[in-house]
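Peer 1: this one's sequence-less:
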């Protein structure tokens, strides 16, 4: 687990700091961490969508396809992943 990943999931941090952490993961190409964030229950929908956007920026088509097909991911997020 990276420091950025830990910041993204830390509940007592401001939303903006958590969003910045997700952007850092995307900039670093951390596809696996971003995919985990999308699947993380308890993380706000906005942060999970930001992780999907990070996957798009990374060109992580396989991860996006897997998320779109994953029944454990909320339908709205699956649709978002599928449209990318």
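Peer 2: Everything's here; your move. Because the structure is a prediction, the values reported are computed rather than measured.
Peer 1: mind listing what the residue nearest to residue 17 when sequence neighbours are not counted touches?
Peer 2: Counting by Cβ to Cβ, 6 or more residues apart in numbering, residue 17 lies nearest to residue 7, which is 6.3 Å off, once chain neighbours are set aside. (C-beta placed from N, C-alpha, C; glycine too.) Neighbouring residues of residue 7 by Cβ atoms under 8 Å, 6 or more residues apart in numbering: 13, 17-18, 20-21.
Peer 1: Could you rerun that using 7 Å?
Peer 2: 13, 17-18, 21 (Cβ atoms under 7 Å, 6 or more residues apart in numbering).
Peer 1: And for residue 58?
Peer 2: 26, 29, 31.
Peer 1: repeat that for 6 Å
Peer 2: 29, 31 (Cβ atoms under 6 Å, 6 or more residues apart in numbering).
Peer 1: So what's the predicted local confidence for residue 84?
Peer 2: As predicted, residue 84 sits at a pLDDT of 71.
Peer 1: From residue 15, how far off is it?
Peer 2: 22 Å (Cβ to Cβ, to the nearest Å).
Peer 1: Please identify which of these two sits among more neighbours.
Peer 2: residue 84 (15 against 10; other Cβ atoms under 10 Å).
Peer 1: Would you check that the more buried one makes contact with residue 55?
Peer 2: No. The criterion here is Cβ atoms under 6 Å, and residue 84 misses it with residue 55 at 7.4 Å.
Peer 1: about what we covered before: looking at the contacts of residue 7, point me to the pair that's furthest apart.
Peer 2: Farthest pair in the contacts of residue 7 (Cβ to Cβ) is 13 and 21. Separation: 8.0 Å.
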